[in-house]
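[1] pasting a predicted model and its sequence here:
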2 protein chains.
Amino acid sequence: MTAAGTATTGDVRPGYVLWFTGFSGAGKSTVAGLVAARLRGLGAPLEVLDGDEVRTHLTKGLGFTKSDRDTNVLRIGWVAGLLSRHGVGVITAAISPYADIRAQVRAMTTNFTEIFVDAPLEECIRRDVKGLYARALADEIPHFTGVSDPYEPPAHPEIHLRTSSSTPEECAAEVLAYVRSKGWLAGADQTP
Amino acid sequence: MTAAGTATTGDVRPGYVLWFTGFSGAGKSTVAGLVAARLRGLGAPLEVLDGDEVRTHLTKGLGFTKSDRDTNVLRIGWVAGLLSRHGVGVITAAISPYADIRAQVRAMTTNFTEIFVDAPLEECIRRDVKGLYARALADEIPHFTGVSDPYEPPAHPEIHLRTSSSTPEECAAEVLAYVRSKGWLAGADQTP
């Protein structure tokens, strides 16, 4: 299908997947939102598979056990694969804690870009923007990544953002520069 | 997003959804397969959300109660919506027995085309290609459409195929003629 599609006018633009991964509170959604706004401003075809929409339409009923997390991430990855192979840019910001599952998603998608949103766990706990860490540390939330569930950091992410030492705007600019350097904005406005 | 996307070169081709609906054994997959092969031959961007792939990646664990069926159909519809709004043609062939859910999918997608694959239930039972009707009639399969579960035929389908009086090839040709008449193959080979 891809081979046939690329021969037509509809699929000239390469698709890609900006896969943000990191602890809750590390800044994934903030940076992803800034990147999405910039890409939309350029008129580039884009889908943001954000947490709420995905939970409503795709993964309702799933919890946070290893098996349910894996299903959740693989399901997002499958949809990202369908879109990216048709020239759409896709942004996701699930915690996606397991390296092997992220590797599976990489294999399912076009131009998979692993973006490690790296912030020290202590700082995420200190920020605790959603009040979730306090509840997790009080044993009120089971399977909470970083507290009672593991996080396997990317060994070789395409982009490594450190949100404790860079602003969200600086991080977004780094992601956009990467997308641009890859030629994935062909046809869209290329001015900065 | 759609508005921004259509302004760029990547999204000039309109997406559409060929939504086959009808009894098990009516011929949905057969006709859908012929249509898909023809569209691929034309180099048109296409995704077939076929039953097996959908069940593996999207709806594993769902059964056939009204609630599970609705979730299944709406989930396929959500993915079809994402793809069709980015210029991809989508083919689905779920039984999708409930009119209100098909109406919801229509609202979620671009150029939704309801294709009623109409065959008398008696003939589907007589054919029984998968041996499912025999089991359903013996009470071995609960919630089986046409036997122990309702099917609400489309009141105003865009395309009404009668597989008891037309060959699969004739039915596929009718669908292709409709797609072509709508201009959804712009840029693809337009020869018959």
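    Noted; the coordinates are in hand. Numbering: from 1, shown residues only, chains lettered A, B, ... in the order given.
[2] list the buried ones in stretch A:92-109?
    Under the neighbour-count criterion of 16 or more other C-beta atoms under 10 Å in any protein chain shown, stretch A:92-109 has A:92-99, A:101-102, A:104-106, A:108-109 buried. (Glycine included, C-beta is placed from N, CA and C.)
[3] now the strands for chain A?
    Taking DSSP state E to define them, one finds strands in chain A at A:16-21, A:46-49, A:89-92, A:112-118, A:159-162.
[4] would the biggest helix by length in chain A count as contacting chain B?
    In terms of residue count, the longest helix belonging to chain A (DSSP state H) is helix A:66-84. Yes - in terms of C-beta under 8 Å from any C-beta of the partner chain, part of helix A:66-84 sits within range of chain B, namely A:71, A:74-75, A:78-79, A:82-83.
[5] contacting residues around the closest residue to residue A:149 other than its chain neighbours?
    If the residues on either side of it in the chain are set aside, residue A:149 comes closest to residue A:143, at 4.6 Å by C-beta to C-beta, 6 or more residues apart in numbering or on different chains. Counting by C-beta atoms under 8 Å, 6 or more residues apart in numbering or on different chains, residue A:143 makes contact with A:63-66, A:69, A:149.
[6] got it, and residue A:25?
    Listed by C-beta under 8 Å, 6+ apart, the contact set of residue A:25 reads A:119, A:124-125, A:127-130, A:132-133.
[7] could you check how far it is from residue A:136?
    Distance, residue A:25 to residue A:136, by C-beta to C-beta, to the nearest Å: 11 Å.
[8] what does the pLDDT read for the residue nearest to residue A:149?
    Model confidence at residue A:143, given as pLDDT, is 92.
[9] for residue A:63, see how far away it is.
    Residue A:143 sits 8 Å away from residue A:63, taking C-beta to C-beta as the criterion.
[10] likewise residue A:75?
    Taking C-beta to C-beta as the criterion, residue A:75 is separated from residue A:63 by 14 Å.
[11] quick check on the two: which one has the bigger neighbour count.
    Set residue A:75 next to residue A:63 and count neighbours by other C-beta atoms under 10 Å in any protein chain shown: residue A:75 wins out with 21 against 12.
[12] doesn't residue A:29 make contact with residue A:92?
    No - using C-beta atoms under 8 Å, residue A:92 is not in contact with residue A:29; the gap is 10.3 Å.
[13] pull up the overlap in contacts between those two.
    With contacts taken as C-beta under 8 Å, 6+ apart, residue A:92 and residue A:29 have residue A:20 as neighbours in common.
[14] re earlier: to residue B:178, which of the strands of chain A lies closest?
    When these are ranked by proximity to residue B:178, the top entry is strand A:46-49, at 27.4 Å, counting by C-beta to C-beta.
[15] tell me what that closest one is packed against?
    In terms of contacts (3 or more C-beta pairs under 8 Å, 6 or more residues apart in numbering or on different chains; DSSP states H and E), strand A:46-49 is packed against helix A:28-41, helix A:66-84, strand A:89-92.
[16] who does the last one pair up with?
    Sheet neighbours of strand A:89-92, with direction, are listed as strand A:16-21 (parallel), strand A:46-49 (parallel) (DSSP bridges).
[17] pull out the buried positions in that strand.
    By 16+ other C-beta under 10 Å, the buried positions in strand A:89-92 come out as A:89-92.
[18] and for the second one?
    When burial is assessed from 16+ other C-beta under 10 Å, helix A:66-84 yields the following buried residues: A:69-84.
[19] what does that helix rub up against?
    A:15-17, A:19, A:47, A:49, A:54, A:58-59, A:62, A:90, A:92, A:94, A:96-98, A:101-102, A:104-105, A:108-112, A:143, B:47, B:57-58, B:60, B:79, B:82-83, B:86.
[20] quick check: end-to-end length of stretch A:131-148?
    Using C-alpha to C-alpha, to the nearest Å, the end-to-end distance of stretch A:131-148 comes out at 16 Å.
[21] pull the distance from it to the chain's centre.
    Average the C-alpha atoms of stretch A:131-148, do the same for its chain, and the two points are 22 Å apart (C-alpha atoms, centre = their mean, to the nearest Å).
[22] how far away is residue A:82 from residue A:164?
    Distance check for residue A:82 against residue A:164: by C-beta to C-beta, it reads 35 Å.
[23] does residue A:175 touch residue A:31 like I think?
    Yes - under the criterion of C-beta under 8 Å, residue A:175 makes contact with residue A:31 at 6.9 Å.
[24] more neighbours: which of these two?
    Between residue A:175 and residue A:31, residue A:31 has the larger neighbour count (other C-beta under 10 Å), namely 29 against 23.
[25] what number of residues lie near residue A:151?
    Residue A:151 has 17 neighbours, counted by other C-beta under 10 Å.
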